[in-house]
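K.L.:
Fold the following, please.
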Amino acid sequence: MKLTRREIARLAAMAAIAPGGALAVTDEDLFTAQLRLIFSGPEEYTSALETIGTHGGTDLIPGLIIALRFTRGPREPIERLMIELAGEDPGRGWFNWMLWQEKREDVIPHPSYSEVKRLMFLRIDPNFAVFLKPEYLVRDRMKIRLEEITWGGVVKDGIPSLDHPTLIAAADASYLRDDDLVFGVSINGDTRAYPLRIMGWHEMFNEVIGGVPVALAYCTLCGSGILFETSVEGRNSPFVFGSSGFLYRSNKLMFDRETHSLWNQFTGQPVVGPLTDSGITLAQRPIAIDTWSNWQRDNPWTRVLALNTGFQRDYGSGVVYRDYFASPDLMFPTQVDESQHAQKDYVFGIRMFGGAKAWPLTAFKGGRVLNDRMLDTPLVLIGDHDTRTVRAYERGDLTFTREADGLTSSGGTRWSVGEDALTAEDGTTFPRVAGHIAYWFAWNGYLGAESELYGG
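P.N.:
Model (predicted):
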């Protein structure tokens, strides 16, 4: 990622000489100094650091954070300068400085920052250019802060989506173990299972299920698989999504292949690019995580993702992200409020009825049924902590208890639990409510101020 001699010469020529022969620290000088810290060898450090130090102020810290992560030279001089500019020491290393930056929304990057970051990303993968056009990176046009967009370690489509993949009958899925977890989906009688051991390598599928175009956006880092409808009113065709290679607060930024806008996986909203002012929020569809044995038992006609995806990956049980899932730590930096839950505790979250609410997965230990409400809507939630399974339904003015083969409501009526609805013996139904599992840090980080939290 070293600059060519021609590039260095061009950048150096942009420097201005002040009257009397003294070197003036111009914006071009600062731009050049940041690039040299990132791309050049240690011999460039002293002059680059001196230039930035002469300028002073916190607006160069975001550029220094980039250098701290990607430089091939010593990092200690960069950190010493950052501490001097910031007037505080948040702790050593790129991770801690990113946490500092997330908290310091008052720190506005230098005007050169967007181009410095764009050039850095383009050196990693020139295909990132479709996301990083300069006109997209104007601060007031973005829905998220550019300085909090990080590289996730892969190139564009380095985590390849599965687009209309091959499905097989449940009886033919001999590769699956009974305790393998699957994403279970049923729309208009079209019932399917997508094993997490496969989807962890792909993090996205684009499908038409039961006549409805949908995409599963699975962020392994935040533990959330969200099923979005991809048809939007006023657009001629459904969106088709892929993984950009970028993250925001340890959450993947997906992109649509029509406009190459970047989208927040957690909210289903475009945040960078042509669609940022579109007002689009993708509608959610119900999805459940369950064991393969439970899903197959309850949905005997299900089809399931074939092991032959067209890609070479180790789809073995417990292989993908094994160390990350077993660790209490995050792989990428983001602020977390752990006063109520640990950062990687699981919650089940719903965003409907004009609000948001989360239920800790521990509330469903032993297969508990919760009769609760969200704003003015009474809900019943049926879950199992051990299998990471939660389904939510409206319940009217009834109260439900679990029975061996279903539910019983107040008054003694028996109900069957379906993927679309609760159904009573007399045919009365209550609709299912869309929700999804996530790590606490992701739910709290995006919806903490807006969300209710079930307290038992």
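
K.L.:
For Y324, grab the count of nearby residues.
P.N.:
15 (other Cβ atoms under 10 Å). Quick note: C-beta positions are derived from backbone N, CA and C, even for glycine.

K.L.:
I'd like the distance between it and L137.
P.N.:
30 Å (Cβ to Cβ, to the nearest Å).

K.L.:
got it, and N236?
P.N.:
For N236 relative to L137 (Cβ to Cβ), the value is 28 Å.

K.L.:
again, but for R351
P.N.:
Separation of R351 from L137 (Cβ to Cβ) stands at 28 Å.

K.L.:
now do T387
P.N.:
Per Cβ to Cβ, T387 is found 43 Å from L137.

K.L.:
which ones are touching I61?
P.N.:
M82, L85, A86, W97, Q101, V107 (Cβ atoms under 8 Å, 6 or more residues apart in numbering).

K.L.:
Tell me which two of those residues sit farthest apart.
P.N.:
L85 and Q101 (12.4 Å; Cβ to Cβ).

K.L.:
which one of N236 and L137 has more residues nearby?
P.N.:
L137 (19 against 6).

K.L.:
Spit out the contact partners of the nearest residue to the more buried one once chain neighbours are set aside.
P.N.:
In space, and not counting its chain neighbours, L137 is closest to S114: 4.3 Å by Cβ to Cβ, 6 or more residues apart in numbering. S114 sits next to P134, L137, V138, R139, L146 when contact means Cβ under 8 Å, 6+ apart.

K.L.:
And for L361?
P.N.:
D345, Y346, V347, F348, G383, H385, R388, V390, I437.

K.L.:
what's the least confident helix or strand in this structure, going by average pLDDT?
P.N.:
helix 5-13 (a mean of 46; mean pLDDT, DSSP states H and E).

K.L.:
ok, F266 to Y218 distance?
P.N.:
For F266, the distance to Y218 - Cβ to Cβ - is 11 Å.

K.L.:
Have a look at these two and say which one is more surrounded.
P.N.:
Neighbour tally, F266 and Y218, criterion other Cβ under 10 Å: the higher count belongs to Y218, 27 against 24.

K.L.:
Helix, strand, or coil at the more buried one?
P.N.:
The local conformation at Y218, judged by DSSP: H, G, I helix; E, B strand; the rest coil, is strand.

K.L.:
got the contact list for it?
P.N.:
Counted by Cβ under 8 Å, 6+ apart, Y218 has contacts F183, L196, M199, G200, H202, E203, M204, S224, G225, I226.

K.L.:
Quick check, pLDDT for the closest residue to the third one other than its chain neighbours.
P.N.:
Taking Cβ to Cβ, 6+ apart, and ignoring the residues beside it in sequence, M199 has Y218 as its nearest neighbour in space, at 5.2 Å. At Y218 the predicted local distance difference test score is 98.

K.L.:
one step back: pick the one among the contacts of I61 closest to S40.
P.N.:
Taking those together and measuring to S40 by Cβ to Cβ, the closest member is M82, at 18.6 Å.

K.L.:
For the closest one, what is the enclosing helix or strand?
P.N.:
Counting by DSSP states H and E, the element that carries M82 is helix 76-86.

K.L.:
Any buried residues in whichever helix or strand comes after that helix, and which?
P.N.:
Following helix 76-86 in sequence order, the next helix or strand is helix 94-103 (DSSP H and E). Buried residues in helix 94-103, counted by 16 or more other Cβ atoms under 10 Å: W94, F95, W97, M98, L99, W100, Q101, E102.

K.L.:
buried ones in whatever helix or strand comes next after helix 94-103?
P.N.:
Using DSSP H and E, the helix or strand that follows helix 94-103 in sequence is helix 113-124. Buried residues in helix 113-124, counted by 16+ other Cβ under 10 Å: Y113, S114, V116, K117, R118, L119, M120, F121, I124.

K.L.:
Kindly export helix 113-124 (C-alpha atoms) in PDB.
P.N.:
Only the C-alpha atoms of helix 113-124 are listed here, as PDB (Å, rounded to 0.1, in the frame of the first residue of the first chain):
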ATOM      1  CA  TYR A 113     -10.300  13.300   5.900                       C
ATOM      2  CA  SER A 114     -12.800  11.800   3.500                       C
ATOM      3  CA  GLU A 115     -10.300  11.700   0.700                       C
ATOM      4  CA  VAL A 116      -7.600  10.200   2.900                       C
ATOM      5  CA  LYS A 117     -10.000   7.500   4.000                       C
ATOM      6  CA  ARG A 118     -11.300   6.900   0.500                       C
ATOM      7  CA  LEU A 119      -7.700   6.400  -0.900                       C
ATOM      8  CA  MET A 120      -7.000   4.000   2.000                       C
ATOM      9  CA  PHE A 121     -10.000   1.900   1.200                       C
ATOM     10  CA  LEU A 122      -9.300   1.900  -2.500                       C
ATOM     11  CA  ARG A 123      -5.800   0.600  -1.900                       C
ATOM     12  CA  ILE A 124      -7.500  -2.400  -0.200                       C
END
